[in-house]
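Visitor: give the three-dimensional model of this entry:
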Amino acid sequence: MKRLMTGLAALLVAGTAAAEDPVLMSAAWGAQACSAWNADPVLTGELASSGWIENDKGRGFKVMQVYRSDCSETPTVELRVSLQDGKARCVYGGEVETAKPDSGADYVMHAETRRWQEMGAAEYGPMKAMMFGRLKFSGPYGEAMGNMGPFTNFLLLVGKVPARTDACP
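Guide: From the prediction side, this is the model:
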């Protein structure tokens with residue numbers, strides 16, 4: 001009986017923790033994804049050294065908007081990345097604020113929830129995801145192709161940032 005009660009208590013704690021996680025691709029998730037971005041040396045370092053961050057149309061930041069296509073037809077979260085101290089740092093993660101991203105510098109990406117989860121679990125990378133239509137994006141295509149390594153790390157953020165998928169943002 002004691003073992004049963006201990007097991008039930010552990011399940012309750014696990015269930016409570018999961019319920020406190022933000023909904024995937026919500027504003028709260030975006031804030032945590034921004035922090036995770038800044039903790040990733042590939043994203044912060046390689047996107048600065050490759051010149052990716054410099055294509056910001058003179059605004060001082062790039063915009064990345066993402067969403068779960070089985071939940072919405074428009075972006076639900078925005079990340080802004082800026083060059084700071086020689087690093088590509090996420091300076092904002094939250095609600096979408098940029099009404100019209102610049103397709104020559106910014107990115108809008110969407111996939112079904114299960115596809116985001118697969119990419120976040122490293123089941124496949126961005127090249128396969130795009131080739132098979134699992135991930136759709138608009139933005140500077142050539143720039144994206146030249147940064148597949150860091151782009152892979154961006155997709156892995158979905159698996160690193162705890163999130164619930166039982167609801168839509």
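
Visitor: in this structure, which spans are strands?
Guide: Per DSSP state E, the chain carries strands over the ranges 62-68, 77-84, 87-94, 107-111, 136-138.

Visitor: helices or strands up against the second one?
Guide: In other words, strand 77-84. Packing partners of strand 77-84 (3 or more Cβ pairs under 8 Å, 6 or more residues apart in numbering; DSSP states H and E): helix 27-38, strand 62-68, strand 87-94. Quick note: C-beta positions are derived from backbone N, CA and C, even for glycine.

Visitor: for the last one, which residues meet the burial criterion?
Guide: Across strand 87-94, burial judged by 16 or more other Cβ atoms under 10 Å covers 87-90, 92-94.

Visitor: please apply the same query to the shortest one.
Guide: Buried residues in strand 62-68, counting neighbours by 16+ other Cβ under 10 Å, are found at 62-68.

Visitor: report the two of the residues you listed separated the most.
Guide: Using Cβ to Cβ, the two most remote members of the buried residues of strand 62-68 are Lys62 and Arg68, lying 21.4 Å apart.

Visitor: got a list of what Ala163 touches?
Guide: By Cβ atoms under 8 Å, 6 or more residues apart in numbering, the residues touching Ala163 are 21-25, 29.

Visitor: ranking by neighbours, what's the top pick from those residues?
Guide: Greatest neighbour count in the contacts of Ala163, by other Cβ atoms under 10 Å, goes to Leu24: 27 neighbours.
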